[in-house]
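In: Provide a 3D model corresponding to the input given below.
(2 chains)
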Amino acid sequence: MRPKLSLTSVVGSVWLALFVLACFHAEAQTGEMKLRAYLVWGTDDDKPPEGKNYKRVETDIEKKLKGLPLKYKHYFEVNRTNFSLVTNAIKKVPVSEKCELEVKSAGGPNLEVALFGKGKEAARQKQPLPKDEVLVVSGNAPNSTAWLVVLKRLE
Amino acid sequence: MKDYQEQLKLQAYLDGELPEAEAREVANWLAQDQDAVALLAELRNTRKAMMGFEAGIKLPESREFYWSKIQREIARLDVSPPEREPAVPLFSRLRRLLLPMAGLASLIIISLVALQSQPGGGAGTETALADSGAFTYHDFASGTTLVWLSYPADNELAMNDDEGSLE
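Out: Residues are numbered from 1 along each chain as shown, chains lettered A, B, ... in the order given. Model prediction:
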């Protein structure tokens, strides 16, 4: 025999579902965020500078960079730094001798990222950064090349 | 047995309440109908018997006032008491409250989830740049944001000083 669905059980189920959703939502708001910062060199040369053993950037990053309105044909990874953040935590991530990122988790997928060059703040960006999305802060480098700081959210 | 109207007419005849023409008709009728005569005799006897037993009760107020009191009482009893709303059980009242609340909560949760799952998220994007020539570009398809700084050019930021290389 098929049991009847009473209004009480329906309302109860809705509340239970909402409670579970709220728990997941709260967990998502307070969870740890894993990030990776890359320092990338953009150039038209198909080889890194002599004496440097830079590798080409990962395929997914390269694909994203080539989708941007930048003129460079090749992108080489200079270094990378993995780090994690909990909600409202601030982390300083050095990307080169002169440059560092200050990354703050602002709740949920939201990040506040500041780029410092020689100790001076050059840019500050506040935005959501869902998983697998990237934030690129970049500028000109000598010989028609570019430097790019790529921040990718891993989890 | 005479019908009710005929009985009433005989009673009225006995009481002398009929007009002359009708009284004459009833007299003719009595001359022909023995049953009517018998009934008239019975009515007469009954009246005689009752006349000796009149209680002779007198009303303390006027007849009109007495009947108006009865009329008012009848009118008062005729007014039906206002219908009371049936008592609503606590559970039913809770259910009435919970249903719209559950709907509202569902809408809020769905909106929150939708905002969170939007590409680029639901929160706004803010950019503060020290460089007036800088620009920001967002590619929604690939989920990529580019902040391009026009200054400081060359060896200022990520670059090291040695021969323009990065590191």
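In: for the rest of this, base every contact and every neighbour count on C-alpha atoms.
Out: Will do.
In: what's the local residue count around the residue lying closest to B:Ala130 once chain neighbours are set aside?
Out: Distances taken as Cα to Cα, 6 or more residues apart in numbering or on different chains place A:Ala122 nearest to B:Ala130, at 5.3 Å, with adjacent residues excluded. As a burial measure, A:Ala122 scores 20 neighbours (other Cα atoms under 10 Å in any protein chain shown).
In: I'd assumed B:Met101 was in a helix, is it?
Out: Yes. With DSSP: H, G, I helix; E, B strand; the rest coil as the criterion, B:Met101 is part of a helix.
In: state the distance from it to chain A.
Out: Distance, B:Met101 to chain A, by Cα to the nearest Cα, to the nearest Å: 10 Å.
In: what's around that residue, how many residues?
Out: B:Met101 is flanked by 14 other residues according to other Cα under 10 Å.
In: quick check: it vs A:Tyr72, distance?
Out: 56 Å (Cα to Cα, to the nearest Å).
In: same check on A:Gly117?
Out: 23 Å.
In: quick check, A:Phe116 in a strand?
Out: Yes. Counting by three-state DSSP, A:Phe116 is part of a strand.
In: got a list of what it touches?
Out: When contacts are counted by Cα atoms under 8 Å, 6 or more residues apart in numbering or on different chains, A:Phe116 touches A:99-102, A:122-123, B:157.
In: A:Leu111 is in what secondary structure piece?
Out: strand A:110-117 (DSSP states H and E).
In: in three-state terms, label A:Ser96 for me.
Out: For A:Ser96, the assignment made with three-state DSSP gives coil.
In: dihedrals phi and psi, it?
Out: Main-chain torsions, A:Ser96, degrees, to the nearest 10: phi -160, psi -180.
In: and the pLDDT at it?
Out: What the model reports for A:Ser96 is a pLDDT of 88.
In: one more: the one 4 residues further on?
Out: Looking at A:Glu100, its pLDDT is 91.
In: I'd like to know which elements the helix or strand containing it is packed against.
Out: Assigned by DSSP H and E, A:Glu100 belongs to strand A:99-105. When contacts are defined as 3 or more Cα pairs under 8 Å, 6 or more residues apart in numbering or on different chains; DSSP states H and E, strand A:99-105 packs onto strand A:90-94, strand A:110-117.
In: just give the strands next to it in its sheet, each with its orientation.
Out: strand A:90-94 (antiparallel), strand A:110-117 (antiparallel) (DSSP bridges).
In: so what's B:His138 closest to, chain neighbours aside?
Out: Nearest one to B:His138, counting by Cα to Cα, 6+ apart, is B:Thr145 at 4.3 Å.
In: burial measure for the one you found, as a count.
Out: Quick note: B:Thr145 (other Cα under 10 Å) scores 25 neighbours.
In: is it fair to say it lies in a strand?
Out: Yes. B:Thr145: assigned to a strand according to three-state DSSP.
In: I'd like the distance between it and A:Leu154.
Out: Per Cα to Cα, B:Thr145 is found 16 Å from A:Leu154.
In: please, where are all the helices along chain B?
Out: B:4-15, B:20-32, B:34-51, B:63-78, B:90-117 (DSSP state H).
In: what packs against the third one?
Out: With contacts defined as 3+ Cα pairs under 8 Å, 6+ apart, the packing partners of helix B:34-51 are helix B:4-15, helix B:20-32.
In: looking at these, which is nearest to chain A?
Out: helix B:4-15 (64.6 Å; Cα to the nearest Cα).
In: tell me the spacing between A:Arg36 and B:Ser150.
Out: 24 Å.
In: among the helices and strands packed on strand A:99-105, show me which one is buried the most.
Out: Comparing the helices and strands packed on strand A:99-105 by mean neighbour count (mean count of other Cα atoms under 10 Å in any protein chain shown), strand A:110-117 comes out on top with a mean of 22.
In: quickly list what B:Thr144 is bridged to.
Out: On the basis of DSSP bridges, B:Thr144 is bridged to A:Val134, B:Asp139.
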